[in-house]
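A.B. asks: Whatever this is, show me its structure:
(one chain, ligands or ions: 2)
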Amino acid sequence: MQNRRQFLTSAAALSASTVWDSTAMSTTTRNDDTPVVLRAAEVHRKLEPGVDQPSRLFLYNGDSPGPTIRGRRGEQIRVLFENDLGVPSTIHWHGIRLENQMDGVPGLTQSPVLPGESHLYEFTVPDAGTYWYHAHFNSLEQVARGLYGPLIVDGDADHLDGMKEVVIVLDDWWVGKNGRFIDGFTDWTQGKPGGRIGNIVTVNGAPPGTRLGVPTGQAVRLRLINSANAREFFLDFQQLNASVVAVDGQPLPRPVQPQSPLRLGPAQRIDVSFVQGGDDEVNLIEASGTLGAQSVLATLISERGSVAPIKLLPLKSNNLAEPDRSKAVEIPFIMTGGSIAEIEGVFHQGERRNSIALSHAQQIWAFNGVADLPEAPLFRVERGTSVRLLMENRTGWSHAMHVHGHHFKVIGTADELSPDMWRDTIMIDRNQNLEIAFVADNPGRWLFHCHMLQHAVSGMRTWFEVT
Ligand code: C2O
Ligand code: CU
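C.D. replies: Ligands and ions are numbered 1, 2, ... in the order given. Coordinates of the predicted model:
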């Protein structure tokens, strides 16, 4: 049954065996003078054949994921966003260290793009790697309904350039027994402090388990993106014998072959590379145990070809400034909440709030005693200042903390991939303390929030300013 689902991708795309090859997902090419057009519109579509009622989806150019946008490091990407939704929207370019006014955060970096209006996004992409774009207006709902797509930046003459490449966007959808998308966005908590976790998983908008041919004996690069509102995926690369070459777009100092399943939190990316050997087919598996029959995400099938083993070298690193922790500004950052009772008395919109006011405002989380965006930034520093963010998660849940406009170093973890890797989104577990550090070198007003989108809208958002 699962395999016969059509789901979001058009029938034409599904009939090709390379449905989620990066060349098969509609790919927009690099910059010439005409901008790429991303048109957001509401589409009513049955999520699978046979269900009675169509779901109300929001899609870029009629698909979810939207088209893959590609650029080259150091060059400009131009996207004309046309908003044909009945509601305002914006686009955020997740993980790109871009000019502040192109960051797509309504109220902080731009005004919302109103229904029927369009907006030109133009920005330089300084780092090669795997990124993504998504709606950043009422993201809880707009991303859940399908407004996102891959954004890939090519490097120059890396040894993995030109190799067979597969972009895999993972999402989950919360659907009812009638096969219809569950709305319920008016209650932001939806009774689930863990966030909106769906019961159907998709791989590039299609059911998991799609089969894909890869050349025997040649390196293949998988670019994995988690676009789900709150779900973490645990990816088992054992059968693939894959090595991780980059996380959140940034290359690891050396490729690492993971010994256990890797966690891919909301908004995070992992790039792996592997060489398909003699085995006929191998599976990419989701190992959390929560997906049951859907746990084979993809099957990679050897095509004929000669075996010429390649040596996997590190990718060329991007040019990121190393934070100087000895001279850094230290920012304590205390995360609380999970219920109104746990944040009773925090500030919201400039005033101390009791539980009645918080429940009206649907706020259940706070950073440093403030629910939602404070009027004053969490910190304001001069361009070039090193910042240490000392995060303490005093809630009973994990969070996916995302810094806009910068990548940061994760300090002192015993992570299998690298003791100190660059990321733009980091998972912090309940009761965990974690330090991240970065050079605040991108001027402007930047959001810092939880990427579990329900958490973001119910308190977990703050901002900082680089002058
Ligand atoms: Cu991926 Cu504030 O966003
Ligand atoms: Cu969170």
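A.B. asks: Show me which residues of the stretch 1-150 of the chain sit near ligand 1.
C.D. replies: Residues of the stretch 1-150 of the chain lying near ligand 1 by C-beta under 6 Å from any ligand atom: 92, 94, 134, 136. For glycine as for every other residue, the C-beta is placed from the backbone atoms N, C-alpha and C.
A.B. asks: Figure out the helix or strand that the first one lives in.
C.D. replies: Under the criterion of DSSP states H and E, H92 resides in strand 91-94.
A.B. asks: Would you tell me what the next helix or strand after that strand is?
C.D. replies: Defined by DSSP H and E, the subsequent element after strand 91-94 is strand 118-124.
A.B. asks: Okay, now the sheet partners of the next helix or strand after that following strand, with direction.
C.D. replies: Where DSSP H and E defines the elements, the next helix or strand beyond strand 118-124 is strand 129-135. Take DSSP bridges as the rule and strand 129-135 pairs in its sheet with strand 91-94 (antiparallel), strand 148-154 (antiparallel).
A.B. asks: Tell me where the stretch 251-400 of the chain has strands.
C.D. replies: Ranges of strands in the stretch 251-400 of the chain, per DSSP state E, counting those that start in this stretch, are 262-264, 269-275, 281-286, 296-303, 329-337, 347-348, 351-352, 365-367, 370-371, 380-381, 385-393, 399-403.
A.B. asks: so what does the fourth one touch, helix or strand wise?
C.D. replies: Contacting strand 296-303 under the criterion 3 or more C-beta pairs under 8 Å, 6 or more residues apart in numbering; DSSP states H and E are the following elements: strand 164-173, strand 200-203, strand 210-215, strand 281-286.
A.B. asks: what is the mean pLDDT for the shortest one?
C.D. replies: Looking at strand 200-203 alone, the average pLDDT works out to 93.
A.B. asks: hmm, back to that, mean neighbour count for the helices and strands packed on strand 296-303 - can I get that in JSON lines?
C.D. replies: Shown next, in JSON lines, are the helices and strands packed on strand 296-303 (neighbours: other C-beta atoms under 10 Å):
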{"stretch": "strand 164-173", "mean neighbour count": "23"}
{"stretch": "strand 200-203", "mean neighbour count": "23"}
{"stretch": "strand 210-215", "mean neighbour count": "19"}
{"stretch": "strand 281-286", "mean neighbour count": "21"}
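A.B. asks: for the ones you listed, which one sits closest to M401?
C.D. replies: strand 164-173 (19.6 Å; C-beta to C-beta).
A.B. asks: Remind me what that closest one packs against, helices and strands.
C.D. replies: Using 3+ C-beta pairs under 8 Å, 6+ apart, strand 164-173 is in contact with strand 148-154, strand 200-203, strand 210-215, strand 219-226, strand 296-303.
A.B. asks: What about contact with ligand 1: does that strand have any residue there?
C.D. replies: No - looking at strand 164-173 against ligand 1 by C-beta under 6 Å from any ligand atom, there are no contacts, and the closest approach is 13.3 Å.
A.B. asks: follow-up on the earlier one: so which of the strands of the stretch 251-400 of the chain is nearest L38?
C.D. replies: That would be strand 269-275 among those, by C-beta to C-beta, at 19.7 Å.
A.B. asks: Which secondary structure elements does the closest one sit against?
C.D. replies: Using 3+ C-beta pairs under 8 Å, 6+ apart: strand 269-275 touches strand 129-135, strand 219-226, strand 243-247.
A.B. asks: Give me the contact list for that strand.
C.D. replies: When contacts are defined by C-beta atoms under 8 Å, 6 or more residues apart in numbering, strand 269-275 is touched by residues 95, 129-132, 160, 163, 217-226, 235, 237, 240-249, 255, 262, 264, 309-310, 312.
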